[in-house]
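Engineer: Got a predicted model here, sequence first, then my questions.
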Amino acid sequence: MVSHRLRLRLALLLCLMSVFSGTVLLVLMWALPRTSSIGRQTTVVGEFHPEMAVPIGDPDPDLTLPAVALALLAVITLALGWAVAGRLLHPVRTMTDRLRHISERNVHERLSVTGPRDELKDLADTVDGLLGRLDRAFDSQKRFVANAAHELRTPLTVEHALLEEPLIDANATVESYRENFERLLAISDQRARLLESLLTLASSENGRIAGTPIDLGTVLTTVLNDRDTSGLRVTTKIAPAWIIGDPALIERLVANLCDNAIHYNVPGGAIEAETRRGSLAIANTGPSVPAEQVDRLFEPFHRLHRVADDGHQGLGLSIVRAIATAHEAKTTARPRPDGGLSITVTFPVD
(Lines give C-alpha, C1' and ligand atoms only; values in the text may rest on other atoms or scores of the structure.)
Protein backbone atom coordinates (compact mmCIF):
# COMPACT_ATOMS: atom_id res chain seq x y z
CA MET A 1 0.00 0.00 0.00
CA VAL A 2 1.39 3.36 -1.08
CA SER A 3 1.63 5.97 1.68
CA HIS A 4 0.75 9.57 0.80
CA ARG A 5 1.62 11.19 4.12
CA LEU A 6 4.24 13.55 2.74
CA ARG A 7 2.04 14.48 -0.22
CA LEU A 8 -0.88 15.23 2.14
CA ARG A 9 1.35 17.31 4.38
CA LEU A 10 2.56 19.40 1.47
CA ALA A 11 -1.00 19.91 0.23
CA LEU A 12 -2.20 20.91 3.72
CA LEU A 13 0.73 23.27 4.08
CA LEU A 14 -0.16 25.06 0.84
CA CYS A 15 -3.82 25.16 1.89
CA LEU A 16 -3.01 26.57 5.34
CA MET A 17 -0.79 29.26 3.81
CA SER A 18 -3.61 30.36 1.52
CA VAL A 19 -6.21 30.28 4.31
CA PHE A 20 -3.93 32.25 6.60
CA SER A 21 -3.34 34.90 3.94
CA GLY A 22 -7.10 35.11 3.24
CA THR A 23 -7.90 35.39 6.97
CA VAL A 24 -5.42 38.22 7.37
CA LEU A 25 -7.10 39.98 4.42
CA LEU A 26 -10.56 39.56 6.00
CA VAL A 27 -9.34 40.94 9.30
CA LEU A 28 -7.96 43.98 7.52
CA MET A 29 -11.24 44.45 5.65
CA TRP A 30 -13.10 44.40 8.99
CA ALA A 31 -10.66 46.56 10.95
CA LEU A 32 -9.83 49.37 8.53
CA PRO A 33 -13.36 50.92 8.26
CA ARG A 34 -13.76 50.86 12.03
CA THR A 35 -10.38 52.47 12.51
CA SER A 36 -11.11 55.22 10.00
CA SER A 37 -14.42 56.07 11.71
CA ILE A 38 -13.08 56.29 15.27
CA GLY A 39 -12.36 59.80 16.42
CA ARG A 40 -13.64 61.36 13.21
CA GLN A 41 -15.20 64.77 14.00
CA THR A 42 -17.46 66.86 11.75
CA THR A 43 -17.71 70.59 12.10
CA VAL A 44 -20.94 72.12 10.81
CA VAL A 45 -20.84 75.75 9.70
CA GLY A 46 -24.21 77.34 9.44
CA GLU A 47 -27.52 75.58 9.47
CA PHE A 48 -27.38 71.73 9.34
CA HIS A 49 -29.57 69.92 6.84
CA PRO A 50 -29.64 66.06 7.28
CA GLU A 51 -30.37 65.50 3.61
CA MET A 52 -27.01 67.09 2.80
CA ALA A 53 -25.00 64.62 4.98
CA VAL A 54 -22.47 62.38 3.18
CA PRO A 55 -22.21 58.77 4.43
CA ILE A 56 -18.79 57.96 5.82
CA GLY A 57 -19.02 54.15 5.45
CA ASP A 58 -20.33 51.24 7.47
CA PRO A 59 -18.05 50.54 10.45
CA ASP A 60 -19.19 46.88 10.46
CA PRO A 61 -18.97 45.69 6.83
CA ASP A 62 -20.67 42.46 5.78
CA LEU A 63 -17.97 39.75 5.49
CA THR A 64 -20.25 36.86 4.59
CA LEU A 65 -19.35 36.71 0.93
CA PRO A 66 -15.58 37.08 1.55
CA ALA A 67 -15.77 34.28 4.12
CA VAL A 68 -17.53 32.00 1.63
CA ALA A 69 -14.89 32.90 -0.95
CA LEU A 70 -12.19 32.08 1.57
CA ALA A 71 -13.72 28.64 2.17
CA LEU A 72 -13.87 27.97 -1.57
CA LEU A 73 -10.28 29.16 -1.87
CA ALA A 74 -9.24 26.67 0.81
CA VAL A 75 -10.87 23.77 -1.05
CA ILE A 76 -9.38 24.80 -4.38
CA THR A 77 -5.94 25.34 -2.84
CA LEU A 78 -6.06 21.93 -1.18
CA ALA A 79 -6.87 20.25 -4.48
CA LEU A 80 -4.17 22.18 -6.33
CA GLY A 81 -1.70 21.50 -3.54
CA TRP A 82 -2.44 17.78 -3.76
CA ALA A 83 -1.77 17.83 -7.50
CA VAL A 84 1.38 19.95 -7.22
CA ALA A 85 2.74 17.82 -4.34
CA GLY A 86 2.11 14.68 -6.39
CA ARG A 87 4.00 16.17 -9.29
CA LEU A 88 6.92 17.19 -7.09
CA LEU A 89 7.10 13.79 -5.37
CA HIS A 90 6.80 11.74 -8.56
CA PRO A 91 10.61 11.38 -8.97
CA VAL A 92 10.86 10.26 -5.35
CA ARG A 93 8.23 7.56 -5.88
CA THR A 94 10.04 6.44 -9.03
CA MET A 95 13.34 6.13 -7.16
CA THR A 96 11.61 4.29 -4.31
CA ASP A 97 10.05 1.75 -6.68
CA ARG A 98 13.38 1.09 -8.37
CA LEU A 99 15.21 0.75 -5.07
CA ARG A 100 12.67 -1.82 -3.87
CA HIS A 101 13.70 -4.10 -6.73
CA ILE A 102 17.45 -3.81 -6.04
CA SER A 103 18.95 -6.59 -3.92
CA GLU A 104 22.33 -8.29 -3.53
CA ARG A 105 21.66 -10.08 -6.83
CA ASN A 106 21.29 -6.94 -8.94
CA VAL A 107 23.09 -4.34 -6.83
CA HIS A 108 24.95 -3.36 -9.99
CA GLU A 109 21.82 -1.54 -11.23
CA ARG A 110 21.62 2.23 -10.79
CA LEU A 111 18.88 4.86 -10.63
CA SER A 112 20.54 6.92 -13.39
CA VAL A 113 18.23 9.90 -12.94
CA THR A 114 18.55 12.46 -15.74
CA GLY A 115 17.57 16.10 -15.87
CA PRO A 116 18.78 19.38 -14.41
CA ARG A 117 20.93 19.29 -11.32
CA ASP A 118 18.69 19.89 -8.32
CA GLU A 119 18.14 18.41 -4.86
CA LEU A 120 16.46 15.25 -6.22
CA LYS A 121 19.22 14.73 -8.80
CA ASP A 122 21.84 15.07 -6.04
CA LEU A 123 19.91 12.55 -3.93
CA ALA A 124 19.77 10.06 -6.81
CA ASP A 125 23.50 10.49 -7.53
CA THR A 126 24.26 9.93 -3.84
CA VAL A 127 22.20 6.73 -3.83
CA ASP A 128 23.98 5.57 -7.00
CA GLY A 129 27.31 6.18 -5.28
CA LEU A 130 26.15 4.15 -2.28
CA LEU A 131 25.03 1.32 -4.56
CA GLY A 132 28.42 1.38 -6.25
CA ARG A 133 30.22 1.06 -2.93
CA LEU A 134 27.91 -1.78 -1.91
CA ASP A 135 28.54 -3.52 -5.23
CA ARG A 136 32.29 -3.34 -4.71
CA ALA A 137 31.91 -4.50 -1.10
CA PHE A 138 29.82 -7.52 -2.15
CA ASP A 139 32.33 -8.44 -4.85
CA SER A 140 35.18 -8.10 -2.37
CA GLN A 141 33.31 -10.24 0.14
CA LYS A 142 32.65 -12.95 -2.44
CA ARG A 143 36.31 -13.01 -3.47
CA PHE A 144 37.36 -13.09 0.17
CA VAL A 145 35.09 -16.04 1.00
CA ALA A 146 36.18 -17.93 -2.10
CA ASN A 147 39.87 -17.34 -1.38
CA ALA A 148 39.45 -18.21 2.30
CA ALA A 149 37.69 -21.44 1.38
CA HIS A 150 40.48 -22.29 -1.04
CA GLU A 151 43.20 -21.52 1.50
CA LEU A 152 41.47 -23.66 4.13
CA ARG A 153 40.69 -26.51 1.73
CA THR A 154 44.33 -26.90 0.59
CA PRO A 155 45.79 -27.87 3.99
CA LEU A 156 42.80 -30.16 4.62
CA THR A 157 43.59 -32.00 1.39
CA VAL A 158 47.24 -32.34 2.35
CA GLU A 159 46.29 -33.56 5.83
CA HIS A 160 44.00 -36.18 4.35
CA ALA A 161 46.78 -37.41 2.06
CA LEU A 162 49.29 -37.59 4.93
CA LEU A 163 46.87 -39.56 7.07
CA GLU A 164 45.95 -41.90 4.23
CA GLU A 165 49.52 -42.58 3.10
CA PRO A 166 50.63 -44.86 5.98
CA LEU A 167 47.29 -46.68 5.92
CA ILE A 168 47.69 -47.79 2.33
CA ASP A 169 51.43 -48.44 2.68
CA ALA A 170 51.92 -51.90 4.13
CA ASN A 171 55.64 -51.23 4.63
CA ALA A 172 55.19 -48.01 6.60
CA THR A 173 57.74 -47.56 9.38
CA VAL A 174 57.79 -45.61 12.58
CA GLU A 175 60.00 -43.00 10.92
CA SER A 176 57.49 -42.47 8.12
CA TYR A 177 54.75 -42.06 10.71
CA ARG A 178 56.89 -39.58 12.61
CA GLU A 179 57.66 -37.65 9.43
CA ASN A 180 53.98 -37.46 8.49
CA PHE A 181 53.03 -36.34 11.99
CA GLU A 182 55.62 -33.56 11.87
CA ARG A 183 54.22 -32.37 8.57
CA LEU A 184 50.69 -32.54 10.00
CA LEU A 185 51.77 -30.39 12.94
CA ALA A 186 53.31 -27.85 10.58
CA ILE A 187 50.13 -27.75 8.50
CA SER A 188 48.04 -27.38 11.66
CA ASP A 189 50.20 -24.43 12.78
CA GLN A 190 49.87 -22.85 9.37
CA ARG A 191 46.09 -23.21 9.46
CA ALA A 192 45.99 -21.76 12.99
CA ARG A 193 47.93 -18.72 11.77
CA LEU A 194 45.52 -18.36 8.87
CA LEU A 195 42.49 -18.44 11.19
CA GLU A 196 44.16 -15.95 13.52
CA SER A 197 44.82 -13.64 10.59
CA LEU A 198 41.21 -13.92 9.43
CA LEU A 199 39.97 -13.07 12.93
CA THR A 200 42.33 -10.11 13.15
CA LEU A 201 41.20 -8.87 9.76
CA ALA A 202 37.52 -9.18 10.75
CA SER A 203 37.96 -7.49 14.12
CA SER A 204 39.99 -4.61 12.69
CA GLU A 205 37.34 -3.94 10.04
CA ASN A 206 34.68 -3.55 12.75
CA GLY A 207 36.18 -0.19 13.66
CA ARG A 208 35.99 -0.71 17.44
CA ILE A 209 39.23 0.96 18.43
CA ALA A 210 40.28 1.63 22.02
CA GLY A 211 41.93 5.00 22.56
CA THR A 212 45.35 4.39 24.15
CA PRO A 213 48.52 6.46 23.65
CA ILE A 214 51.09 4.41 21.70
CA ASP A 215 54.62 5.25 20.58
CA LEU A 216 55.26 3.82 17.12
CA GLY A 217 59.01 4.04 17.66
CA THR A 218 58.87 1.79 20.72
CA VAL A 219 56.63 -0.72 18.97
CA LEU A 220 58.90 -0.81 15.91
CA THR A 221 62.03 -1.37 18.03
CA THR A 222 60.37 -4.20 19.95
CA VAL A 223 59.10 -5.91 16.79
CA LEU A 224 62.46 -5.71 14.99
CA ASN A 225 64.28 -7.12 18.02
CA ASP A 226 61.96 -10.14 17.96
CA ARG A 227 62.56 -10.83 14.26
CA ASP A 228 65.37 -12.79 12.64
CA THR A 229 67.01 -10.29 10.30
CA SER A 230 70.25 -12.20 9.75
CA GLY A 231 71.60 -11.66 6.26
CA LEU A 232 69.82 -8.32 5.93
CA ARG A 233 71.04 -4.77 6.56
CA VAL A 234 68.57 -3.05 8.85
CA THR A 235 68.65 0.74 9.10
CA THR A 236 66.36 2.49 11.55
CA LYS A 237 65.55 6.13 12.26
CA ILE A 238 63.50 6.10 15.42
CA ALA A 239 61.82 9.27 16.60
CA PRO A 240 58.93 9.64 19.05
CA ALA A 241 55.68 9.08 17.16
CA TRP A 242 52.77 9.05 19.57
CA ILE A 243 49.34 8.10 18.30
CA ILE A 244 46.01 7.02 19.79
CA GLY A 245 44.93 3.47 19.01
CA ASP A 246 44.59 -0.15 20.03
CA PRO A 247 47.97 -1.52 21.23
CA ALA A 248 47.39 -5.09 20.01
CA LEU A 249 46.26 -4.00 16.54
CA ILE A 250 49.07 -1.46 16.16
CA GLU A 251 51.62 -4.11 17.14
CA ARG A 252 50.10 -6.45 14.56
CA LEU A 253 50.28 -3.72 11.91
CA VAL A 254 53.97 -3.06 12.57
CA ALA A 255 54.73 -6.80 12.77
CA ASN A 256 53.06 -7.46 9.43
CA LEU A 257 54.98 -4.66 7.76
CA CYS A 258 58.26 -5.96 9.15
CA ASP A 259 57.45 -9.58 8.23
CA ASN A 260 56.55 -8.48 4.71
CA ALA A 261 59.82 -6.55 4.37
CA ILE A 262 61.83 -9.54 5.64
CA HIS A 263 60.09 -12.31 3.70
CA TYR A 264 59.88 -10.54 0.33
CA ASN A 265 63.52 -9.54 0.23
CA VAL A 266 66.68 -10.75 -1.47
CA PRO A 267 69.78 -12.32 0.10
CA GLY A 268 71.98 -9.55 1.42
CA GLY A 269 69.17 -7.06 0.98
CA ALA A 270 68.25 -4.11 3.16
CA ILE A 271 65.39 -2.88 5.29
CA GLU A 272 64.87 0.79 6.13
CA ALA A 273 62.47 1.64 8.94
CA GLU A 274 61.62 5.11 10.17
CA THR A 275 59.17 6.66 12.60
CA ARG A 276 58.35 10.32 12.87
CA ARG A 277 55.44 12.37 14.11
CA GLY A 278 52.32 10.29 13.50
CA SER A 279 53.79 8.07 10.79
CA LEU A 280 55.67 4.84 10.17
CA ALA A 281 57.63 4.04 7.01
CA ILE A 282 59.24 0.71 6.09
CA ALA A 283 61.07 0.05 2.82
CA ASN A 284 62.92 -3.01 1.59
CA THR A 285 64.86 -4.32 -1.34
CA GLY A 286 63.43 -7.21 -3.24
CA PRO A 287 61.79 -8.26 -6.48
CA SER A 288 60.59 -5.54 -8.81
CA VAL A 289 56.95 -4.65 -8.21
CA PRO A 290 54.93 -3.37 -11.20
CA ALA A 291 53.19 -0.11 -10.36
CA GLU A 292 49.80 -1.45 -11.48
CA GLN A 293 50.12 -4.35 -9.01
CA VAL A 294 50.78 -2.25 -5.89
CA ASP A 295 47.14 -1.72 -4.91
CA ARG A 296 46.32 -5.40 -5.44
CA LEU A 297 48.97 -6.38 -2.88
CA PHE A 298 46.61 -5.03 -0.19
CA GLU A 299 43.79 -7.33 -1.26
CA PRO A 300 43.24 -10.49 0.83
CA PHE A 301 45.12 -13.59 -0.36
CA HIS A 302 46.91 -11.74 -3.14
CA ARG A 303 50.63 -12.36 -3.54
CA LEU A 304 52.86 -11.01 -6.27
CA HIS A 305 54.74 -14.30 -6.66
CA ARG A 306 52.29 -16.88 -5.33
CA VAL A 307 53.78 -19.96 -3.72
CA ALA A 308 51.28 -22.35 -2.17
CA ASP A 309 53.47 -23.79 0.59
CA ASP A 310 55.58 -20.78 1.59
CA GLY A 311 53.71 -20.39 4.90
CA HIS A 312 52.26 -17.01 3.93
CA GLN A 313 48.58 -16.63 3.14
CA GLY A 314 48.69 -13.20 1.50
CA LEU A 315 46.80 -11.51 4.34
CA GLY A 316 49.61 -9.42 5.81
CA LEU A 317 49.16 -6.19 3.88
CA SER A 318 45.36 -6.49 3.78
CA ILE A 319 45.42 -6.62 7.58
CA VAL A 320 47.72 -3.60 7.60
CA ARG A 321 45.29 -1.59 5.51
CA ALA A 322 42.28 -2.75 7.55
CA ILE A 323 43.93 -1.76 10.83
CA ALA A 324 45.04 1.56 9.39
CA THR A 325 41.54 2.28 8.10
CA ALA A 326 40.05 1.45 11.49
CA HIS A 327 42.43 4.04 13.00
CA GLU A 328 41.54 6.58 10.28
CA ALA A 329 45.11 6.34 9.02
CA LYS A 330 46.29 6.56 5.42
CA THR A 331 48.36 3.80 3.84
CA THR A 332 50.53 4.60 0.81
CA ALA A 333 52.81 2.24 -1.06
CA ARG A 334 55.14 2.81 -3.97
CA PRO A 335 57.56 0.50 -5.78
CA ARG A 336 61.25 1.30 -5.50
CA PRO A 337 63.24 1.80 -8.73
CA ASP A 338 65.74 -0.96 -7.90
CA GLY A 339 63.12 -3.39 -6.60
CA GLY A 340 61.24 -3.71 -3.38
CA LEU A 341 58.47 -1.69 -1.84
CA SER A 342 58.15 1.38 0.35
CA ILE A 343 55.09 1.55 2.60
CA THR A 344 54.09 4.50 4.77
CA VAL A 345 51.25 4.58 7.28
CA THR A 346 50.22 8.05 8.44
CA PHE A 347 47.99 8.37 11.50
CA PRO A 348 45.89 11.40 12.43
CA VAL A 349 47.61 13.54 15.05
CA ASP A 350 45.77 16.15 17.12
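Structural biologist: Perfect, I can see it now.

Engineer: in its sheet, what does the helix or strand encompassing Ile282 sit against?
Structural biologist: Counting by DSSP states H and E, the element that carries Ile282 is strand 279-284. With DSSP bridges as the test, strand 279-284 is paired with strand 270-276 (antiparallel), strand 341-346 (antiparallel).

Engineer: closest to Pro91 out of these?
Structural biologist: The closest of those to Pro91 is strand 341-346. By C-beta to C-beta, the value is 42.1 Å. Every residue, glycine included, has its C-beta placed from N, CA and C.

Engineer: what sits up against that closest one?
Structural biologist: 253, 257, 260-261, 264, 278-284, 286, 289, 294, 297, 317, 320, 324, 329-336 (C-beta atoms under 8 Å, 6 or more residues apart in numbering).

Engineer: Out of those, which end up buried?
Structural biologist: Neighbour counting with 16 or more other C-beta atoms under 10 Å marks 253, 257, 260-261, 264, 278-284, 286, 289, 294, 297, 317, 320, 324, 329, 331, 333, 335 as buried within those.

Engineer: Distance from the chain centre to the strand holding Ile282, please.
Structural biologist: 27 Å (C-alpha atoms, centre = their mean, to the nearest Å).

Engineer: After that strand, which helix or strand is next?
Structural biologist: helix 316-326.

Engineer: all helices for the stretch 101-250 of the chain, in order.
Structural biologist: With DSSP state H, counting those that start in this stretch as the criterion, the stretch 101-250 of the chain has helices at 119-168, 174-205, 216-225, 247-263.

Engineer: List of residues touching the shortest one?
Structural biologist: By that I understand helix 216-225. By C-beta under 8 Å, 6+ apart, helix 216-225 touches 234, 236, 238-243, 250-251, 254-255, 258, 273, 275, 279-280, 347.

Engineer: Quick one: work out the angle between that helix and strand 279-284.
Structural biologist: 30 degrees (axes from the mean of the first three to the mean of the last three C-alpha atoms, to 10 degrees).

Engineer: chain center to helix 216-225, what's the gap?
Structural biologist: Worked out by C-alpha atoms, centre = their mean, helix 216-225 lies 32 Å from the chain centre.

Engineer: Same question for that helix: list its buried residues.
Structural biologist: Leu216, Gly217, Val219, Leu220, Thr221, Val223, Leu224.

Engineer: and the protein, what are its domains?
Structural biologist: Domain assignment for the chain, taken from automatic domain parsing, gives 5-34+61-131, 135-205, 212-346.

Engineer: In JSON lines, list those along with mean pLDDT.
Structural biologist: Formatted as JSON lines, the domains of the chain follow (pLDDT from 0 to 100):
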{"stretch": "domain 5-34+61-131", "mean pLDDT": "77"}
{"stretch": "domain 135-205", "mean pLDDT": "77"}
{"stretch": "domain 212-346", "mean pLDDT": "87"}
